[in-house]
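Participant: Okay, predicted coordinates and the sequence, questions at the end:
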Amino acid sequence: MENLNLEGSAKTPTVKFDSAKGTLELKGRSIPENSIEFYKPLNDWIDSYAGNPQSETTVDVKLEYFNTSSSKCILDLFKQLEKLNQKNTMVKVNWYFEEDDEDMAEAGEDYQAIIDLPFKMIEVEEI
């Protein structure tokens, strides 16, 4: 299966989904013009990956900011991963947030409360 690598921009996050390693990373800002359109290839990739996942899948979310429409798309990604977790892989989420960024810490806690996946909150100096 091909990896999914998208270069980030001022409005979209860098995406590095590696099927061989079982790692998925979102990093940067997520304020695309059309969130649904931007996140569709990510959802499609996870659907394909679900056919033959690694025994352990790690999701690193290192977003410095995301808008409301992105938050719904990120929730949809987590829901897909939640289904995957119930099959044949152990999915873990690492939610990175900058120290003093209460909004991103709170967003991670909100997802943690909604989604049935192991969530690790990781405070860093800078994303």
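Facilitator: Everything's here; your move.
Participant: How are the strands of the protein distributed by residue range?
Facilitator: Along the chain, counting by DSSP state E, strands occupy 4-6, 14-18, 23-30, 56-66, 90-98, 119-124.
Participant: what's the angle between the biggest helix by length in the chain and strand 23-30?
Facilitator: Counting residues, the longest helix found in the chain (DSSP state H) is helix 68-85. Calculated by axes from the mean of the first three to the mean of the last three C-alpha atoms, to 10 degrees, helix 68-85 forms an angle of 170 degrees with strand 23-30.
Participant: Summarise which helices and strands helix 68-85 is packed against.
Facilitator: strand 23-30, helix 35-49, strand 56-66, strand 90-98, helix 102-114 (3 or more C-beta pairs under 8 Å, 6 or more residues apart in numbering; DSSP states H and E). Glycine gets a C-beta too; all of them are placed from N, C-alpha and C.
Participant: buried set for the last one?
Facilitator: Of the residues in helix 102-114, those buried by neighbour count under the rule 16 or more other C-beta atoms under 10 Å are 104-105, 107-108, 111-112.
Participant: repeat for stretch 66-81
Facilitator: For stretch 66-81, by 16+ other C-beta under 10 Å, it's 66, 69-71, 73-74, 76-78, 80-81.
Participant: now swap in stretch 11-20 and tell me
Facilitator: Across stretch 11-20, burial judged by 16+ other C-beta under 10 Å covers 12-13, 15-19.
Participant: Is it possible to get CSV of those residues that adds pLDDT and distance to Y49?
Facilitator: Output for the buried residues of stretch 11-20, formatted as CSV (pLDDT from 0 to 100; distance: C-beta to C-beta, whole Å):
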residue, pLDDT, distance to Y49
T12, 98, 20
P13, 98, 18
V15, 98, 13
K16, 98, 13
F17, 98, 7
D18, 98, 10
S19, 97, 6
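Participant: Which of those residues sits closest to V61?
Facilitator: P13 (9.0 Å; C-beta to C-beta).
Participant: Relative to S19, how far out is that closest one?
Facilitator: 19 Å (C-beta to C-beta, to the nearest Å).
Participant: CSV please, covering the strands of the chain and showing distance to Y39.
Facilitator: Compiled in CSV, these are given as follows (distance: least, C-beta to C-beta, whole Å):
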stretch, distance to Y39
strand 4-6, 11
strand 14-18, 9
strand 23-30, 9
strand 56-66, 11
strand 90-98, 16
strand 119-124, 20
